[in-house]
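Colleague: Using only what follows, build the 3D model:
(4 chains)
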Protein chains: 4
Amino acid sequence: MRQIETVTLEDARRVIAAGERKAHEIGSPSNVAVVDAGGNLVAHIRMDDAWMGSIDISINKAFTARAFDIPTGDLATSSQPGAQLFGINGSNHGRVMIFAGGVPLHGSDGNVVGAVGVSGGSGEQDRVVAEAAEAAFRSVPAPA
Amino acid sequence: MRQIETVTLEDARRVIAAGERKAHEIGSPSNVAVVDAGGNLVAHIRMDDAWMGSIDISINKAFTARAFDIPTGDLATSSQPGAQLFGINGSNHGRVMIFAGGVPLHGSDGNVVGAVGVSGGSGEQDRVVAEAAEAAFRSVPAPA
Amino acid sequence: MRQIETVTLEDARRVIAAGERKAHEIGSPSNVAVVDAGGNLVAHIRMDDAWMGSIDISINKAFTARAFDIPTGDLATSSQPGAQLFGINGSNHGRVMIFAGGVPLHGSDGNVVGAVGVSGGSGEQDRVVAEAAEAAFRSVPAPA
Amino acid sequence: MRQIETVTLEDARRVIAAGERKAHEIGSPSNVAVVDAGGNLVAHIRMDDAWMGSIDISINKAFTARAFDIPTGDLATSSQPGAQLFGINGSNHGRVMIFAGGVPLHGSDGNVVGAVGVSGGSGEQDRVVAEAAEAAFRSVPAPA
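Modeller: Modelled structure (predicted):
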């Protein structure tokens, strides 16, 4: 057996709150979702006036960032026609999102312990909100 | 066109907080989800130690309660073998949940404006948590 | 090759209008859908305040009534536990509805040329609305 | 809670009738669908000789135009290989349509209150029909 770290609901709320603040700040009503180390949803919010079609996308950006331990924006490059992962979004029953806005959350040992997914604005806006959300996770030391 | 009322993210958070308090009180770690008048997710939480398989169930109990404007526990009765809605859970692409834990949220005019879905414990526990969540919605008068 | 008869959009509108009138008359806001001889949707309406969860059900009741050339209420009996078609609703990707409200439309030669599906009220209300809709189809002689 | 506007069945019929007239005029048998503010189907027609495979497309173009508050033709550009939303059509369980023919319907306050989706011809034909349908919505002032 082994021990793994994973995010708690309290962590997820802190991450979401930071994302929401940034989204307000840049005027991009967003969906923000957090998944745990198992890739399963811990919490989600849709800000008023955020796109309904982005509910699914935010949750699946978080899933994707944890499923491959990579920011989804990086995956975009490698899934273009001609690139090595072209077609990867056909896997995992349509849950693989290949554009910016999903960012892994790293634990005290450097492992990925969850992820945050943001959807609601342009790829650039989603990335900015997701990174602000992720920063709020890193800023809190893991419990002793 | 016509005007309808729908829940806000602020409403959803109040409803979820009340559900979470009740779930703590009765010792039933739960998923709690709120959908709006269109049946689309507004917010979701999974309490630590709540079942992973209940993420989907909580969201779809909320969907069901809004889709048919009925507590999902009531639907359970009418979908039993021999009853008039036997088989209804085969509709809507597997999103119809036919056991207790989904409760409609009513607006100031008596119309359904969203719903809350709870999953994590027994049907009875889920019902108790969902009703506590719903009560928190009713207790706040609609804005003038 | 062979000739088959199938409903037109004009037929579908007449059927739907008759269903809508009956639904108003009995106070049961309904979804009403018509499919053609191929089981494919020709037209659908959701009356204001009819259940959102009944969109899918009305369309699939019509599909089912054409798929098996039978009123869906009849199928209910034979799909009960212990009966010969128990489990049939697991087929056809969740499109088989096994409660009242789907009725075949018969052409001048007695063949099934389409179907109407109604969802929004009790099984009995849906059946009454669907039969009124179907009657409007029968009342018009086929073109010479 | 908050108030939102949404289309009625009467609105949907007016929109569909205008789309149908334009489709006749340009000789492009079409499916025309209208969804409400929640993205849920209000009404659909398939004109005689319109493609059967376009039933689903018309409904989902309307869904997409509401889900992202954008004409689906605009989404086409941003979902091309190399563009920021490449892969978005893998989200929302295959309901995101990324070619022309889905157009949002705007309410008296400028918010999106529903959408119309058209499928049956070329992208250009579908766009022309959808815009004619949308124009019929705008031409009627909202009730006081």
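Colleague: check contacts around the residue in chain A that chain D sits nearest to.
Modeller: Nearest residue of chain A to chain D (Cβ to the nearest Cβ) works out as A:G53 at 2.8 Å. Where you see a C-beta, it was placed from the backbone N, CA and C, and this is true even at glycine. A:G53 is in contact with D:G39, D:F63, D:T64, D:A67, D:F68, D:S91, D:N92, D:V96, counting by Cβ atoms under 8 Å, 6 or more residues apart in numbering or on different chains.
Colleague: residues in contact with the fifth one?
Modeller: When the contact criterion is Cβ under 8 Å, 6+ apart, the partners of D:F68 are A:W51, A:G53, A:S54, D:L75.
Colleague: likewise the second one?
Modeller: By Cβ under 8 Å, 6+ apart, the residues touching D:F63 are A:G53, D:V35, D:G39, D:N92, D:R95, D:M97, D:G102, D:A115, D:G117.
Colleague: Dihedrals phi and psi, the last one?
Modeller: Looking back up the chat, that one is D:G117. phi -130, psi 140 (degrees, to the nearest 10).
Colleague: Please verify my assumption that it contacts D:R95.
Modeller: No - using Cβ atoms under 8 Å, D:G117 is not in contact with D:R95; the gap is 10.8 Å.
Colleague: So which bits of the helix-or-strand element of chain A with minimal mean pLDDT are buried?
Modeller: One helix or strand of chain A scores below all others by mean pLDDT, DSSP states H and E: helix A:72-78, with a mean of 94. Neighbour-count burial for helix A:72-78 flags A:T72, A:G73, A:L75, A:A76 (criterion: 16 or more other Cβ atoms under 10 Å in any protein chain shown).
Colleague: Equivalent analysis for stretch A:103-123, please.
Modeller: In terms of neighbour count (16+ other Cβ under 10 Å), stretch A:103-123 has its buried residues at A:103-107, A:112-121, A:123.
Colleague: Quick check: the farthest pair among those residues?
Modeller: A:G107 and A:G121 (28.3 Å; Cβ to Cβ).
Colleague: Count the residues that sit near the residue in chain A positioned nearest to chain C.
Modeller: Closest to chain C within chain A is A:M52: 13.5 Å, counting by Cβ to the nearest Cβ. As a burial measure, A:M52 scores 23 neighbours (other Cβ atoms under 10 Å in any protein chain shown).
Colleague: residues contacting it?
Modeller: Applying Cβ under 8 Å, 6+ apart, the residues contacting A:M52 are A:R46, B:G38, B:N40, D:G38, D:G39, D:R66, D:A67.
Colleague: ok, residues contacting stretch A:33-41?
Modeller: By Cβ under 8 Å, 6+ apart, stretch A:33-41 touches A:4-7, A:11-12, A:15-16, A:42-45, A:58-59, A:61-63, A:66-67, A:105, A:112-118, B:44, B:46, B:52, B:55.
Colleague: er, stretch A:78-85 actually
Modeller: Residues contacting stretch A:78-85 (Cβ under 8 Å, 6+ apart): A:L75, A:T77, A:F86, A:G87, A:I88, A:N89, A:I98, D:P81, D:G82, D:F86, D:G87.
Colleague: Export the least confident helix or strand of chain A to CSV, keeping only CA atoms.
Modeller: The C-alpha coordinates for helix A:72-78 follow below in CSV (Å, rounded to 0.1, in the frame of the first residue of the first chain):
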residue,chain,number,x,y,z
THR,A,72,-4.8,21.6,-20.7
GLY,A,73,-3.3,24.5,-22.6
ASP,A,74,-0.2,22.4,-23.1
LEU,A,75,-2.3,19.5,-24.4
ALA,A,76,-3.7,21.8,-27.1
THR,A,77,-0.4,22.0,-28.9
SER,A,78,0.2,18.2,-28.9
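Colleague: Now do the following helix or strand past it: distance to the chain's middle.
Modeller: As assigned by DSSP states H and E, the chain's next helix or strand after helix A:72-78 is strand A:102-106. Chain-centre distance of strand A:102-106: 6 Å, with Cα atoms, centre = their mean, to the nearest Å.
Colleague: what mean pLDDT does strand A:102-106 have?
Modeller: Throughout strand A:102-106, pLDDT has a mean value of 98.
Colleague: for that strand, packing partners?
Modeller: helix A:54-67, helix A:72-78, strand A:112-119, helix A:123-138 (3 or more Cβ pairs under 8 Å, 6 or more residues apart in numbering or on different chains; DSSP states H and E).
Colleague: out of the ones you listed, which comes closest to C:I26?
Modeller: helix A:54-67 (36.4 Å).
Colleague: Okay, buried residues for the closest one please.
Modeller: Here helix A:54-67 shows A:54-67 as buried, counting by 16+ other Cβ under 10 Å.
Colleague: Confidence-wise, which of the contacts of D:F68 comes last?
Modeller: D:L75 (94).
Colleague: pretty sure it is touching D:A100, no?
Modeller: No - using Cβ under 8 Å, D:L75 is not in contact with D:A100, being 9.2 Å away.
Colleague: What residues sit buried inside stretch A:91-104?
Modeller: Here stretch A:91-104 shows A:G94, A:R95, A:V96, A:M97, A:I98, A:F99, A:A100, A:G101, A:G102, A:V103, A:P104 as buried, counting by 16+ other Cβ under 10 Å.
Colleague: What's the end-to-end length of that stretch?
Modeller: 19 Å (Cα to Cα, to the nearest Å).
Colleague: and if you look at stretch A:94-113?
Modeller: For stretch A:94-113, the end-to-end distance is 22 Å (Cα to Cα).
Colleague: Quick one: distance of that stretch to the chain centre.
Modeller: 6 Å.
Colleague: now do stretch A:85-104
Modeller: 12 Å.
Colleague: Ramachandran angles for the residue of chain A closest to chain C?
Modeller: phi -60, psi -40.
Colleague: Equivalent analysis for A:D36, please.
Modeller: phi -90, psi -170.
Colleague: And it, what's its pLDDT?
Modeller: 98.
Colleague: Up against chain D, what does chain A have?
Modeller: Residues of chain A lying near chain D by Cβ under 8 Å from any Cβ of the partner chain: A:48, A:51-54, A:56-57, A:60, A:76, A:79-81, A:89-90, A:94, A:96-100, A:122-124.
Colleague: Go again with 7 Å.
Modeller: Counting by Cβ under 7 Å from any Cβ of the partner chain, chain A comes close to chain D at A:51-53, A:56-57, A:60, A:76, A:79-81, A:89, A:94, A:96-99, A:122-123.
Colleague: Show me what from chain A comes close to chain B.
Modeller: Residues of chain A lying near chain B (Cβ under 7 Å from any Cβ): A:8-9, A:38, A:40-48, A:52, A:55.
Colleague: A:L9 reaches B:D48, doesn't it?
Modeller: Yes - between A:L9 and B:D48 a contact is recorded at 5.5 Å, counting by Cβ atoms under 7 Å.
Colleague: which of these two has more neighbours?
Modeller: Taking other Cβ under 10 Å, A:L9 and B:D48 do not tie; A:L9 has more neighbours (19 against 14).
Colleague: what sits against that one?
Modeller: Applying Cβ atoms under 7 Å, 6 or more residues apart in numbering or on different chains to A:L9 gives the contacts A:V42, A:A43, B:I45, B:R46, B:M47, B:D48.
Colleague: Great, nothing more from me.
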